[in-house]
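1. Build me a model from this:
(chains A and B)
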Amino acid sequence: MNSIIKAVFYKEWIKTKLVFWLFMAISIAYLLYNIGIWYRVDTVKGTGHLWDIVLSRDTIFIQNFRFVPIAFGAILALFQYTPEMRERRLKLTLHLPVNHTKMTWMMLSYGAFIYGMYTLLLMAFTASTAWYYFPSEIIARIIATTFVWFIAGLCSYFLTSRIVLEETRKYSIIHFLISLMIIAIFFINDIPGSYTSFIPQAIVLCLLTATWTIFSIDRFKYGVRD
Amino acid sequence: MENVIECNNLTHYYGKRKIYEDLSFTVPKGKILGLLGKNGTGKTTTINILSGYLKPKAGECRIFGQDITTMDPIEKRRIGLLLEGHVQYTFMTIEQLEKFYSAFYPNWDNTVYYELMKKLKVAPNQRISNMSCGQRSQVALGIILAQNPELLILDDFSLGLDPGYRRLFIDYLKEYAVAEGKTIFVTSHIIQDMERFIDDCIIMDYGKILIQDSLDNLYKSFNCYEFETQNEQINLDTSLFINTEVYRNKVRTYTFGEDAEVYQALNQKQIDPASLKKVDMSLEDIFIGLTGKY
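-> Sure thing, here's the model as predicted:
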């Protein structure tokens, strides 16, 4: 089984490595641009002023970044699953001598793993940079705020997977509308830290969206299409 | 003889359109069986049911004795599947494809794969998407052969191939199947290719199987006669003459009847015996004879 997991990850990596490195570079550049504000305020007005703005104006200066993880999640799913649906190549994958539900989980796990690496690297980068400017309370607030965006991005990955793997137009539209509503939940309020208490529920919601992809694969497997 | 594939009373509809009802057939072990039919008669539907990608409305399909819808996934190691159009992971290179598939098949034999690739004169790091349709067909074939499956299911293997690649594909596969005692279930829209390749055939028409038999038996038992007549409205007994084509004063008729039976029936219609001749038939002629031109 170990060699099978390696093989599946190998195939998925071939499809997605370009988008992974591209988004990693874009995300770091975008974060650097936003974090640059911390540097400028700190240099011109001093650290005290920087902390004052963060606390009194409810900002962490990197809110612009909040849509980048959902974009990455959606594009990762597109790059991973569109080649499978072109010419219905998913049939090749599902013909492999592995239970199709297990195969689906392996493919989704790959996506979640790659997304996890992306999250880990960017959060480590953000936290280590924040360490120079802020006390631990503010850093915790920054991490909690950005972590919710990354959960939203993972949801976006799972939801887009489901849409791409769906062969009937009617269900694709329904999945798309449901996905928009679910993603919107994460962006009702953009005050930093406002979603901190929602993190456990967000993780459950995210895991739930992962299971939905299985239904699209089942429908593909049994030939349900327009 | 042991059957590798057994399909019983398959019925399938797309919406309200009936594809077929109560379709039953078997594929004996070690045989190369071709499924022939006009467009829209359900060849690809049958392949999709056989490969587990379509649930029939009724009936069951068993491969190696197991119901295909509940088959143990490990059993799929024994089945090689070629999708219509030689679909493969075009984002991979020749080497990557081999590395990927080899993890799933314990009997994987990469020599047969690379032997075929050598014939194509392509580099191992060449991406499949940059290959011609003919080259891709060989890659798909190489992947299937390297799996060393007992049963090969090939959906329209000749699609998009020029005569050279079709010949290469058939000759290589035929030699392999005979030497290794493999069972093959194949569809193709080019019947001349099937003639060189298959042992048995199933000929389908809309909604039903017209015949399942070996090619040898078909050549012996199904005949075509040509004669001339002044009567363009000639009516032949349809229980004896399966299909009759009339063009001006020339008549071509197809039958499973014996010579004596045919001569007697035509004699009753005052057909001049001097104009009557038996015509040699190819598999394509037999197919047209059974299904009609339109």
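2. rest of the way, CA atoms for contacts and neighbours
-> Will do.
3. my guess is A:Thr213 contacts A:Phe158, does it?
-> Yes. At 7.0 Å, A:Thr213 and A:Phe158 qualify as touching, with contact defined as CA atoms under 8 Å.
4. more neighbours, the two?
-> Neighbour count, other CA atoms under 10 Å in any protein chain shown: between A:Thr213 and A:Phe158, A:Phe158 has more, with 27 against 23.
5. is chain A contacted by stretch B:84-101?
-> Yes. With CA under 8 Å from any CA of the partner chain as the measure, stretch B:84-101 is seen reaching chain A through B:Val87, B:Gln88, B:Tyr89, B:Phe91, B:Met92, B:Lys99, B:Phe100, B:Tyr101.
6. So which residues on chain A come close to chain B?
-> A:3-4, A:7-8, A:10-11, A:14-15, A:83, A:87, A:89, A:91-92, A:95-99, A:220-224.
7. Filter those residues down to the buried ones, PyMOL style.
-> Only the buried members of those enter the following PyMOL selection, criterion being 16 or more other CA atoms under 10 Å in any protein chain shown:
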select buried, chain A and resi 4+7+8+11+15+83+87+89+91+95+96+97+98+220+221+222+223+224
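8. A:Gly193: what's it in contact with?
-> A:Arg141, A:Ile142, A:Ala144, A:Thr145 (CA atoms under 8 Å, 6 or more residues apart in numbering or on different chains).
9. Does it belong to a helix, a strand or coil?
-> coil (DSSP: H, G, I helix; E, B strand; the rest coil).
10. And it, how far from A:Ala210?
-> 25 Å (CA to CA, to the nearest Å).
11. How about A:His95?
-> 22 Å.
12. One more: B:Asn243?
-> With distances taken as CA to CA, B:Asn243 is found 57 Å from A:Ala210.
13. which other helices and strands contact the lengthiest helix in chain A?
-> Secondary structure assigned by DSSP state H gives helix A:2-45 as the longest helix of chain A. Packing partners of helix A:2-45 (3 or more CA pairs under 8 Å, 6 or more residues apart in numbering or on different chains; DSSP states H and E): helix A:47-56, helix A:68-85, helix A:100-133, helix B:94-102.
14. Mind doing that once more with 7 Å?
-> Counting contacts by 3 or more CA pairs under 7 Å, 6 or more residues apart in numbering or on different chains; DSSP states H and E, helix A:2-45 is packed against helix A:68-85, helix A:100-133.
15. Please identify the deepest-packed of the ones you listed.
-> helix A:68-85 (a mean of 21; mean count of other CA atoms under 10 Å in any protein chain shown).
16. Other residues contacting it?
-> A:12, A:15-16, A:19, A:23, A:90, A:149-150, A:152-154, A:156-157, A:160-161, A:164-165 (CA atoms under 7 Å, 6 or more residues apart in numbering or on different chains).
17. Buried ones from these, can you make that a PyMOL selection?
-> Buried members of those, identified by 16+ other CA under 10 Å, are gathered into one PyMOL selection as follows:
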select buried, chain A and resi 12+15+16+19+23+90+149+150+152+153+154+156+157+160+161+164+165
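18. Would you point out which residue is most central in chain A?
-> Centrality entry for chain A: nearest residue to the mean C-alpha point is A:Gly153, 2.6 Å, by CA atoms, centre = their mean.
19. returning to what we had before: out of the contacts of helix A:68-85, which sit inside helices?
-> Short answer: the contacts of helix A:68-85 in helices (DSSP H) are A:12, A:15-16, A:19, A:23, A:90, A:149-150, A:152-154, A:156-157, A:160-161, A:164-165.
20. which ones are touching B:Asp155?
-> Residues near B:Asp155 by CA under 7 Å, 6+ apart: B:Thr44, B:Ile47, B:Leu82, B:Leu83, B:Glu84, B:Val186, B:Thr187, B:Ser188.
21. try B:Tyr206
-> Contacts of B:Tyr206 by CA under 7 Å, 6+ apart are B:Ile19, B:Thr41.
22. Check the spacing between it and A:Ile37 real quick.
-> With CA to CA as the criterion, B:Tyr206 and A:Ile37 are 72 Å apart.
23. now the angle from the lowest-mean-pLDDT helix or strand in chain A to helix A:100-133?
-> Sorted by mean pLDDT, DSSP states H and E, the helices and strands of chain A end with helix A:47-56, the least confident at a mean of 89. Here the directions of helix A:47-56 and helix A:100-133 differ by 140 degrees (axes from the mean of the first three to the mean of the last three CA atoms, to 10 degrees).
24. Quick check: buried residues in helix A:47-56?
-> So helix A:47-56, judged by 16+ other CA under 10 Å, has buried residues A:Thr47, A:Leu50, A:Trp51, A:Val54.
25. With stretch B:188-195 instead?
-> For stretch B:188-195, a neighbour-count test (16+ other CA under 10 Å) marks B:Ser188, B:His189, B:Ile191, B:Asp193, B:Met194, B:Glu195 as buried.
26. And for stretch B:245-265?
-> Applying 16+ other CA under 10 Å to stretch B:245-265 flags B:Val246, B:Val251, B:Arg252, B:Thr253, B:Tyr254, B:Thr255, B:Phe256, B:Gly257, B:Val262, B:Tyr263, B:Ala265 as buried.
27. Including pLDDT and distance to B:Lys174, could those go into JSON lines?
-> Below are the buried residues of stretch B:245-265 laid out as JSON lines (pLDDT from 0 to 100; distance: CA to CA, whole Å):
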{"residue": "B:Val246", "pLDDT": "83", "distance to B:Lys174": "38"}
{"residue": "B:Val251", "pLDDT": "87", "distance to B:Lys174": "37"}
{"residue": "B:Arg252", "pLDDT": "88", "distance to B:Lys174": "34"}
{"residue": "B:Thr253", "pLDDT": "90", "distance to B:Lys174": "33"}
{"residue": "B:Tyr254", "pLDDT": "91", "distance to B:Lys174": "30"}
{"residue": "B:Thr255", "pLDDT": "92", "distance to B:Lys174": "31"}
{"residue": "B:Phe256", "pLDDT": "91", "distance to B:Lys174": "29"}
{"residue": "B:Gly257", "pLDDT": "87", "distance to B:Lys174": "32"}
{"residue": "B:Val262", "pLDDT": "83", "distance to B:Lys174": "37"}
{"residue": "B:Tyr263", "pLDDT": "84", "distance to B:Lys174": "39"}
{"residue": "B:Ala265", "pLDDT": "84", "distance to B:Lys174": "42"}
